[in-house]
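Visitor: Pasted the sequence and its predicted model underneath.
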Amino acid sequence: RTAPPTPPAPPTPPAAAAAADFALLVGTKPVATTDDVFICATLDWWPSNKCDYGHCQWAGAGLLEAPLDDERLLRAMRYLAPLTLRVGGTSQDNVTYARFGGAAEQTDCPPFSPAPPQPSARFSGGCLLPARIDSLLSLGGDARARLVLSINAVVGRGNASRGLRPEEDAWDPAQALALLRHVAARAAASPAASPLWGVEYGNEPGHVPPSSYVFCELGSDGRARSEACAWQSARTAATLQADGLRALDDAVTAVFGPRRPPTGGGADEGGGGGGRRPLVLGPAWTSFSAPFANDYLRRAGAALDILTYHAYPLGPAYGAPGLLARMLGYRPTRAEATMRAARASVDAAARAAGRARAARVWIGESGGAYNSGHAELSGSLANSFWYAPFLGANARAGAAAVCRQTLIGGGYALLNRSTFAPRADFYIAALFGGLMGRVVLAAQLVAPAAGAAPPSASAPRVADGAPTPSAFAHCAKPVSYTHLTLPTKRI
């Protein structure tokens with residue numbers, strides 16, 4: 001009997017061959033340090049009838065409507081713990097804080113307009129009452145989350161267009177003071193409630209009246225007719241934002257006491273309860289610009305603890321073809337360069353002022369594609385191809401934290417807004433937050449022939465556009481692997 005012929009060996013999979021073409025080099029010296037809690041998610045204000053491009057993705061997901069007592073939301077937040085929850089968004093500068101007491105008690109508290117079911121992308125009004133802020137504090141305490149509340153930054157403003165000088169167009173802190181006093185009293189009375197870890201002044205200045213173009217003749221598109229005037233007005237806006245932040249810092253001091261000398265730079269700072277003082281953040285620009293940042297940082301001085309700006313590197317969710325390709329081919333080169341420029345600005349401002357310690361820098365909001373995200377793609381696995389390297393590149397460049405827009409609400413949410421089932425990027429956030437420690441190391445993919453010397457922070461990396469993954473390295477966190485047992489949900 002003749003033995004059957006030996007079948008040929010299977011060919012080497014292409015992926016294995018490609019993997020052998022590169023070596024991963026990891027340096028041994030730290031290149032950056034993050035906050036103890038690097039992962040952050042946002043809770044926005046949008047009402048249910050907020051719609052973009054014909055897609056309405058906010059039903060029951062904004063701060064005033066979300067079921068903050070839902071056990072499924074609490075469980076999801078605990079999976080991400082430790083987590084920072086930043087509460088803020090475009091509509092925050094419309095919202096009235098009512099019935100918190102104090103000399104400036106507000107009785108007129110209009111809801112968002114237009115009201116449901118009329119769809120809209122722009123709203124006026126909005127009313128925050130004590131019961132709602134109490135529910136938020138309870139959720140934060142139960143979820144062991146750090147809460148950052150972004151404050152209405154235009155109360156009392158809007159007079160500059162009528163000819164007042166910038167110093168006369170001042171922010172009115174009365175409502176914020178009443179809110180902060182309520183929060184402090186609640187934290188003292190209820191140990192289970194989460195104190196405010198931080199307060200933020202501003203959210204994308206210029207998107208809500210009064211606009212950045214405070215002294216300019218405006219065209220029909222609402223923008224300044226003169227480019228020179230727009231430039232000068234933007235610098236004036238930086239001054240106004242810094243003055244408002246200093247006024248908010250004074251309000252925090254009036255309620256919680258003066259700033260304490262810094263200790264470790266991590267989760268031990270901030271808090272607003274148990275004798276701790278909330279940190280002060282701002283100004284949540286739509287992007288980072290060094291000239292305006294330098295003006296802002298000089299004026300804000302020591303009142304600023306954390307500089308924040310927003311980043312949506314994928315562009316609009318609709319109207320620009322190729323969103324899927326931008327997700328899958330994303331390279332974080334520009335994001336990393338921008339964060340390095342922001343770090344350089346805060347370091348230079350601290351040196352110029354003789355301060356031993358510079359402000360930290362956060363990405364205060366990023367959801368990939370702006371205008372609520374794409375209804376299908378922003379919650380898919382494809383979106384993780386920008387989110388994961390975006391986290392790693394910003395940490396390597398010096399970001400202390402990165403806030404994902406959003407926890408719930410919009411196409412870019414980490415959780416389904418009705419079932420709270422985790423979506424693809426939830427797992428990226430959980431793994432990055434659970435495994436990656438504070439100390440960031442240099443890492444790069446190189447051809448083996450390039451040598452094995454540990455890379456420096458500025459070592460050349462794989463060229464943009466090359467079909468290779470990004471590489472990032474941190475010292476590992478001491479973790480309990482039971483913490484990383486994720487819910488088994490289809491995504």
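Guide: Done, it's in.

Visitor: pLDDT weak spots in the protein?
Guide: Counting by pLDDT under 70, the chain contains low-confidence ranges at 1-21, 102-106, 158-169, 206-236, 262-275, 447-468, 479-491.

Visitor: Could you pull out the strands in the stretch 1-150 of the chain for me?
Guide: Along the stretch 1-150 of the chain, the stretches classed as strands by DSSP state E, counting those that start in this stretch are 23-33, 39-43, 51-52, 55-56, 83-87, 96-97, 127-128, 145-151.

Visitor: Repeat that for the stretch 251-400 of the chain.
Guide: Residue ranges of the strands in the stretch 251-400 of the chain, as given by DSSP E, counting those that start in this stretch, are 279-285, 306-310, 315-316, 360-366, 369-370.

Visitor: Indicate which one of the ones you listed is closest to I39.
Guide: strand 360-366 (11.3 Å; C-beta to C-beta). From N, CA and C alone the C-beta is placed, and that goes for glycine too.

Visitor: that older thread, minimum distance to T28: which of the strands of the stretch 251-400 of the chain has it?
Guide: strand 360-366 (24.5 Å).

Visitor: The closest one relative to strand 23-33, how many degrees between them?
Guide: Calculated by axes from the mean of the first three to the mean of the last three C-alpha atoms, to 10 degrees, strand 360-366 forms an angle of 110 degrees with strand 23-33.

Visitor: what residues are up against N49?
Guide: N49 sits next to 56, 58, 114-120 when contact means C-beta atoms under 8 Å, 6 or more residues apart in numbering.

Visitor: Mind doing that once more with 10 Å?
Guide: Residues touching N49, when contacts are defined by C-beta atoms under 10 Å, 6 or more residues apart in numbering, comprise 56, 58-59, 112, 114-121, 123.

Visitor: In helices only, show me the residues you listed.
Guide: The members of those all map outside helices under DSSP state H.

Visitor: which of those residues are buried?
Guide: For the contacts of N49, a neighbour count by 16 or more other C-beta atoms under 10 Å gives the buried set as 56, 58, 112, 120, 123.

Visitor: biggest separation within these, which pair?
Guide: Farthest pair in the buried ones among the contacts of N49 (C-beta to C-beta) is C56 and F112. Separation: 14.1 Å.

Visitor: A174 is in contact with V155, correct?
Guide: Yes. At 7.7 Å, V155 and A174 qualify as touching, with contact defined as C-beta atoms under 10 Å.

Visitor: Between those two, which is the more surrounded one?
Guide: V155 (20 against 17; other C-beta atoms under 10 Å).

Visitor: For that one, give me phi and psi.
Guide: phi -60, psi 130 (degrees, to the nearest 10).

Visitor: residues in contact with the closest residue to it other than its chain neighbours?
Guide: Counting by C-beta to C-beta, 6 or more residues apart in numbering, the nearest residue to V155 once its immediate chain neighbours are dropped is D172, at 4.7 Å. Residues counted as contacts of D172 (C-beta under 10 Å, 6+ apart) are 104, 152, 154-157, 244, 247.

Visitor: Which helix or strand contains V440?
Guide: Taking DSSP states H and E as the criterion, the element that holds V440 is strand 436-446.

Visitor: for the helix or strand that that strand is followed by, packing partners?
Guide: If you walk from strand 436-446 toward the C-terminus, the next helix or strand you reach (DSSP H and E) is strand 473-476. When contacts are defined as 3 or more C-beta pairs under 10 Å, 6 or more residues apart in numbering; DSSP states H and E, strand 473-476 packs onto strand 23-33, helix 384-397, helix 424-435, strand 436-446.

Visitor: Y370 bridge partners, please.
Guide: P316 (DSSP bridges).

Visitor: tally of neighbours for it?
Guide: Here the count is done by other C-beta under 10 Å, and Y370 has 21 residues near it.

Visitor: Return the distance of it relative to L407.
Guide: Distance, Y370 to L407, by C-beta to C-beta, to the nearest Å: 17 Å.

Visitor: ok, now G367?
Guide: Applying C-beta to C-beta, one obtains 11 Å for the distance of G367 from L407.

Visitor: shared neighbours, these two?
Guide: Common neighbours of G367 and L407 (criterion: C-beta under 10 Å, 6+ apart): 42, 44, 413-414.

Visitor: how about the residues you listed in TSV, adding neighbour count and distance to A344?
Guide: Putting the shared contacts of G367 and L407 into TSV (neighbours: other C-beta atoms under 10 Å; distance: C-beta to C-beta, whole Å) gives the following:
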residue	neighbour count	distance to A344
T42	28	26
D44	29	30
A413	28	33
L414	28	31
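
Visitor: Going by residue numbers, what spans are helices in the stretch 251-400 of the chain?
Guide: 290-300, 323-328, 333-353, 384-397 (DSSP state H, counting those that start in this stretch).

Visitor: Pick the most buried one from those helices.
Guide: By mean neighbour count, with neighbours taken as mean count of other C-beta atoms under 10 Å, helix 384-397 ranks first of those at a mean of 24.

Visitor: ok now that one, how far from the chain's centre?
Guide: With C-alpha atoms, centre = their mean, to the nearest Å as the basis, helix 384-397 stands 13 Å off its chain's centre.

Visitor: any idea of the angle it forms with strand 436-446?
Guide: Using the same axes, to 10 degrees, helix 384-397 lies at 100 degrees relative to strand 436-446.

Visitor: Please name every helix or strand in contact with helix 384-397.
Guide: Other helices and strands packing on helix 384-397, by 3+ C-beta pairs under 10 Å, 6+ apart, are strand 23-33, helix 323-328, helix 333-353, strand 360-366, strand 401-404, helix 424-435, strand 436-446, strand 473-476.

Visitor: got the helices of the stretch 251-400 of the chain as a markdown table, with distance to A76 columns?
Guide: Listed next are the helices of the stretch 251-400 of the chain as a markdown table, based on distance: least, C-beta to C-beta, whole Å:
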| stretch | distance to A76 |
| --- | --- |
| helix 290-300 | 35 |
| helix 323-328 | 23 |
| helix 333-353 | 26 |
| helix 384-397 | 17 |
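
Visitor: can you tell which of those is closest to P283?
Guide: helix 290-300 (6.5 Å).

Visitor: For the helix or strand hosting L179, list the C-alpha coordinates in PDB.
Guide: Assigning secondary structure by DSSP H and E places L179 in helix 174-189. The C-alpha trace of helix 174-189 is given here as PDB (Å, rounded to 0.1, in the frame of the first residue of the first chain):
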ATOM      1  CA  ALA A 174     -23.200  85.300  42.000                       C
ATOM      2  CA  GLN A 175     -24.900  82.200  40.600                       C
ATOM      3  CA  ALA A 176     -21.700  80.200  40.600                       C
ATOM      4  CA  LEU A 177     -21.100  81.300  44.300                       C
ATOM      5  CA  ALA A 178     -24.600  80.100  45.300                       C
ATOM      6  CA  LEU A 179     -24.000  76.800  43.500                       C
ATOM      7  CA  LEU A 180     -20.600  76.200  45.100                       C
ATOM      8  CA  ARG A 181     -21.900  76.900  48.500                       C
ATOM      9  CA  HIS A 182     -24.700  74.400  48.000                       C
ATOM     10  CA  VAL A 183     -22.200  71.800  46.800                       C
ATOM     11  CA  ALA A 184     -19.900  72.400  49.800                       C
ATOM     12  CA  ALA A 185     -22.900  72.100  52.200                       C
ATOM     13  CA  ARG A 186     -24.100  68.900  50.500                       C
ATOM     14  CA  ALA A 187     -20.600  67.300  50.700                       C
ATOM     15  CA  ALA A 188     -20.400  68.200  54.400                       C
ATOM     16  CA  ALA A 189     -23.800  66.700  55.100                       C
END
